[in-house]
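Trainee: 3D, please:
(chains A, B, C and D, ligands or ions: 2)
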Number of protein chains: 2
Amino acid sequence: MKVLNKETDYAVRALISLGMKSDGWVSAKALSDEQTIPYQFLRRILQELIRNGLVESKEGAGGGVRLAKEPGLIAVAEVIEIFQGKVQLSECMFRKQLCSNRANCVLRHEIMRIEKMVNQEFSQITIGKLIDDLKAVEAMKG
Amino acid sequence: MKVLNKETDYAVRALISLGMKSDGWVSAKALSDEQTIPYQFLRRILQELIRNGLVESKEGAGGGVRLAKEPGLIAVAEVIEIFQGKVQLSECMFRKQLCSNRANCVLRHEIMRIEKMVNQEFSQITIGKLIDDLKAVEAMKG
DNA sequence: AATTTCTGATACTAATTTAGTATCAGTTAA
DNA sequence: TTAACTGATACTAAATTAGTATCAGAAATT
Ligand code: FES
Ligand code: FES
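Mentor: Ligands and ions are numbered 1, 2, ... in the order given. Predicted coordinates for the structure are as follows:
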């Protein structure tokens, strides 16, 4: 049971990398090389991040992308939602014969509670936090 | 982002149905009809549940399956693990260039915390609990 | 004994999703 | 005017998930 798919994974990595460079525009090519993410795949991911306002871009030579917000304001939960949608169970587990009615189903509520917890946790993990943690680890390593 | 796949979903439904019948053996055919789960698919799922000791079976005419444990002792977490494996992120998010070393990575720990939380929650939801909730809802409906 | 109703084991196909590729048009800087 | 870039979008390949099929053997029924 994999929580993050490749798009989310690559997106987070790209965002971290961008967050660590405060200077100017970074081309998709450069990012792709640095993070060893397939170029065309990364392009599509970046375009999606741009559409969702996490990243901004500049066209033409010397152009590229950069974060559109402070790293501390970009939550991993947002990224997950962009590429994988909201967390949900499969279909209603007790449809047909067993399931009474969705609206006031106790089970469903219980499970949505878990969903909320997970989302809340992932909302607290921001790109900024990840960068800080990363730097801390690197410092420790010497 | 779907949490449960069809196997887990069907498995849980089958377990609930079995848990609600305390009498004798239920054939895969009967279960399949009752829950509208594709017969062959359900067979495979039941076999897996049997291998994992959640269900026991009796061969031959008049045979079938039944729960091997009290419904209250079967956690949804177990079922998830059987059919979808342990909850995990994709690969290490910061391998190669960014990731220093897995062993003492702060981020990884944080994320494993979430994983544990989810598992813990799903461990508390047992088939027995689901049956109780279901019955409560049905009673309310009148 | 023969037949029917069941599970055990396992191989297979189809559908869907995820991952990755390719292409062309347009923009900016040099 | 050319090279280095993004925007948009269509496409293919690989992997996973969902579902099907088959055959052997066990117990109850006749
Ligand atoms: S599972 Fe369907 S409403 Fe509860
Ligand atoms: S993400 Fe790789 S060890 Fe932290």
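Trainee: only C-alpha atoms for contact and neighbour calcs from this point on.
Mentor: Noted.
Trainee: Need the pLDDT of A:Arg95.
Mentor: Looking at A:Arg95, its pLDDT is 54.
Trainee: The one 5 residues further on too?
Mentor: With respect to pLDDT, A:Ser100 scores 48.
Trainee: for the one 4 residues further on, same thing?
Mentor: Model confidence at A:Asn104, given as pLDDT, is 54.
Trainee: Which parts of chain A are helices?
Mentor: A:6-20, A:28-35, A:39-51, A:76-84, A:106-124, A:127-141 (DSSP state H).
Trainee: These: which one's closest to ligand 1?
Mentor: Distances from ligand 1 to each of the helices of chain A were compared using Cα to the nearest ligand atom; the minimum, 4.7 Å, belongs to helix A:106-124.
Trainee: quick one, the closest one and helix B:106-124 angle?
Mentor: Taking axes from the mean of the first three to the mean of the last three Cα atoms, to 10 degrees, helix A:106-124 and helix B:106-124 form an angle of 170 degrees between their directions.
Trainee: For helix A:106-124, report the contacting residues that lie outside it.
Mentor: For helix A:106-124, the external contacting residues (Cα atoms under 8 Å, 6 or more residues apart in numbering or on different chains) are A:75-78, A:87-88, A:92, A:102, B:114, B:118, B:121, B:130, B:133-134, B:137.
Trainee: Report the lowest-confidence entry in those.
Mentor: For the contacts of helix A:106-124, the pLDDT minimum is A:Arg102, 53.
Trainee: Was I right to think A:Ala14 contacts A:Gln35?
Mentor: Yes: with contact defined as Cα atoms under 8 Å, A:Ala14 reaches A:Gln35; the gap is 7.5 Å.
Trainee: Tell me which of the two has more neighbours.
Mentor: Looking at A:Ala14 and A:Gln35 with other Cα atoms under 10 Å in any protein chain shown, you find the greater number of neighbours at A:Ala14, namely 23 against 19.
Trainee: which residues sit in contact with the more buried one?
Mentor: By Cα under 8 Å, 6+ apart, the contact list for A:Ala14 reads A:Leu31, A:Gln35.
Trainee: Distance of it relative to A:Gly53?
Mentor: The gap separating A:Ala14 from A:Gly53 is 15 Å, by Cα to Cα, to the nearest Å.
Trainee: Nearest the geometric middle of chain A, what residue?
Mentor: A:Val79 (2.3 Å; Cα atoms, centre = their mean).
Trainee: Let me know the distance separating the nearest residue to A:Ser57 once chain neighbours are set aside from B:Val79.
Mentor: Ranked by Cα to Cα, 6 or more residues apart in numbering or on different chains and with sequence neighbours excluded, the top spatial neighbour of A:Ser57 is A:Val65, at 4.3 Å. Separation of A:Val65 from B:Val79 (Cα to Cα): 44 Å.
Trainee: Repeat that for A:Glu59.
Mentor: As judged by Cα to Cα, A:Glu59 and B:Val79 stand 50 Å apart.
Trainee: Equivalent analysis for A:Met117, please.
Mentor: Distance check for A:Met117 against B:Val79: by Cα to Cα, it reads 21 Å.
Trainee: Could you do A:Lys116 as well?
Mentor: For A:Lys116, the distance to B:Val79 (Cα to Cα) stands at 21 Å.
Trainee: One more: A:Glu34?
Mentor: 40 Å.
Trainee: which phi and psi does the residue of chain A found nearest DNA strand C have?
Mentor: Ranked by Cα to the nearest atom of the strand, the top residue of chain A for proximity to DNA strand C is A:Gly60, at 2.8 Å. In terms of degrees, to the nearest 10, the main-chain angles of A:Gly60 are phi 80, psi 170.
Trainee: neighbours of it, just the number please.
Mentor: For A:Gly60, the tally of surrounding residues (other Cα under 10 Å) stands at 7.
Trainee: try A:Glu59
Mentor: Look at A:Glu59: counted by other Cα under 10 Å, it has 9 neighbours.
Trainee: What is the neighbour count of A:Leu15?
Mentor: Other residues near A:Leu15 come to 24 when the count uses other Cα under 10 Å.
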